[in-house]
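*Asks:* Everything below, folded, please.
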Amino acid sequence: MTDQDTQPEFKEPKKWRVHHLMQAKRAGRKLTMITAYDALTAPIFEEAGMDMILVGDSYGNVQLGYGSTIPVTIEDMERATASVARSVSRPLIVGDLPFGTYEHSPQIAFENAARLIRVGANAVKFEGGAELADTVKLLTQSGIPVVGHLGFTPQSENALGGPRMQGRGDAKQKMIEDALALQEAGAIAIVLELVPAPVATEVTAALDVPTIGIGAGPQTDGQVLVWADMAGMNDWVPSFVKKFADARALLRSAVEDYRDQVQDGTFPGPENYKSN
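*Replies:* Here you go, the predicted model:
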């Protein structure tokens, strides 16, 4: 009998909920997650069959013009999360807690997490390991599901010396211990960012809850990408990103066609307006 024969069957849910994540892991069904920040793109990603939408603090880089996630506020995240939540119904919506909104105490983290839940998030995500286990526990016991985030944690990029691989050498065991501590505290899933593939594989095998990789190899239980990166909206993307389209060129071409037709008088044409 093969491992595949012993895996339970996974029934695709009409609405993704927390317990479906664990069921998917047990069944070997890979999870799909993508970022979204507004009511324009989120429904497209729902139509494309995404299991989870991460309203990430990458909102700051992608749409607010910041050079990092650090300036993003809880008010920014409330607005983006509410926009996504109003526009989709099937994916599990995970809202990021931005820098400075959860590190000081579990109680402050709860108050800010509750703000995202009130506007439509199904879970919240924040960065950190065993040192935040008490925070994960309080939120979980208070009815707020938590997704952890280990490896390269963008909110700590100043301390980490920029985006670089985490978990190499002796740091591997610490990452496994952090992941287990988050799971024990009640985390429903853990994002692994910029982690060597063999390390991500070990962390994934050690956990009952699913791992979601970004720059962490193919053996995690799922993958997440920033939508603007994978759709080719940016000229430069990290090496771990695959461009699945060139949406930037497509949009630019459409706008150029619009410009040209306005300037040469062919738009608006008779089919675009009524003369009486």
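*Asks:* all strands for the stretch 101-250 of the chain, in order.
*Replies:* Along the stretch 101-250 of the chain, counting by DSSP state E, counting those that start in this stretch, strands occupy 123-125, 146-151, 189-193, 211-214, 222-225.
*Asks:* so which of those strands gets nearest Q63?
*Replies:* strand 222-225 (15.9 Å; C-beta to C-beta). From N, CA and C alone the C-beta is placed, and that goes for glycine too.
*Asks:* Assess the claim that P154 and S68 are in contact.
*Replies:* Yes: P154 is within contact range of S68, at 6.9 Å (criterion: C-beta atoms under 8 Å).
*Asks:* Neighbour count: the two, which is higher?
*Replies:* P154 (22 against 15; other C-beta atoms under 10 Å).
*Asks:* Quick check, pLDDT for the more buried one.
*Replies:* Looking at P154, its pLDDT is 75.
*Asks:* Check the one 4 residues further on too.
*Replies:* Model confidence at N158, expressed as pLDDT, equals 64.
*Asks:* Kindly report the same for P270.
*Replies:* We have a pLDDT of 89 for P270.
*Asks:* ok, now the one 3 residues further on?
*Replies:* Per-residue confidence for Y273 comes out at a pLDDT of 88.
*Asks:* Quick one: the helices in the stretch 151-276 of the chain, in order.
*Replies:* 157-160, 171-185, 197-206, 227-230, 247-263 (DSSP state H, counting those that start in this stretch).
*Asks:* show me where pLDDT drops low in the protein?
*Replies:* 1-5, 157-164 (pLDDT under 70).
*Asks:* at 90 instead, please
*Replies:* Applying pLDDT under 90 to the chain flags residues 1-8, 152-171, 235-239, 270, 273-276.
*Asks:* At the geometric centre of it, which residue sits there?
*Replies:* What sits nearest the mean C-alpha location of the chain, by C-alpha atoms, centre = their mean, is L54, with 3.4 Å.
*Asks:* what's the helix or strand where that residue lies packed up against?
*Replies:* Following DSSP states H and E, one finds L54 within strand 52-55. If you count contacts as 3 or more C-beta pairs under 8 Å, 6 or more residues apart in numbering; DSSP states H and E, strand 52-55 packs onto strand 31-35, helix 42-47, helix 74-87, strand 92-96, strand 222-225.
*Asks:* most tightly surrounded among those?
*Replies:* Each of these was scored by mean neighbour count; the highest is strand 92-96, a mean of 28, by mean count of other C-beta atoms under 10 Å.
*Asks:* ok now that strand, how far from the chain's centre?
*Replies:* 7 Å (C-alpha atoms, centre = their mean, to the nearest Å).
*Asks:* and if you look at stretch 86-98?
*Replies:* Taking C-alpha atoms, centre = their mean, one finds the center of stretch 86-98 at 9 Å from the center of the full chain.
*Asks:* Now the terminal residues of that stretch, how far apart.
*Replies:* Across its full length, stretch 86-98 reaches 21 Å between end residues, using C-alpha to C-alpha, to the nearest Å.
*Asks:* distance of Y59 from G217?
*Replies:* 26 Å (C-beta to C-beta, to the nearest Å).
*Asks:* These two: which has the busier surroundings?
*Replies:* Set Y59 next to G217 and count neighbours by other C-beta under 10 Å: Y59 wins out with 24 against 17.
*Asks:* which residues touch the more buried one?
*Replies:* 35, 37, 72, 76-77, 80, 96 (C-beta atoms under 8 Å, 6 or more residues apart in numbering).
*Asks:* same question, P145
*Replies:* 18, 122-124, 139, 188 are the contacts of P145 under C-beta under 8 Å, 6+ apart.
*Asks:* Okay, it and I188: tell me how far apart.
*Replies:* Per C-beta to C-beta, P145 is found 5 Å from I188.
*Asks:* Count the residues that sit near the closest residue to G186 other than its chain neighbours.
*Replies:* Leaving aside its chain neighbours, G186 sits nearest to T140 (3.2 Å; criterion: C-beta to C-beta, 6 or more residues apart in numbering). Other residues near T140 come to 15 when the count uses other C-beta under 10 Å.
*Asks:* so what's T140 up against?
*Replies:* With C-beta under 8 Å, 6+ apart, T140 has these contacts: 146, 185-187.
*Asks:* and if you look at A121?
*Replies:* Residues near A121 by C-beta under 8 Å, 6+ apart: 55, 81, 85, 93-95.
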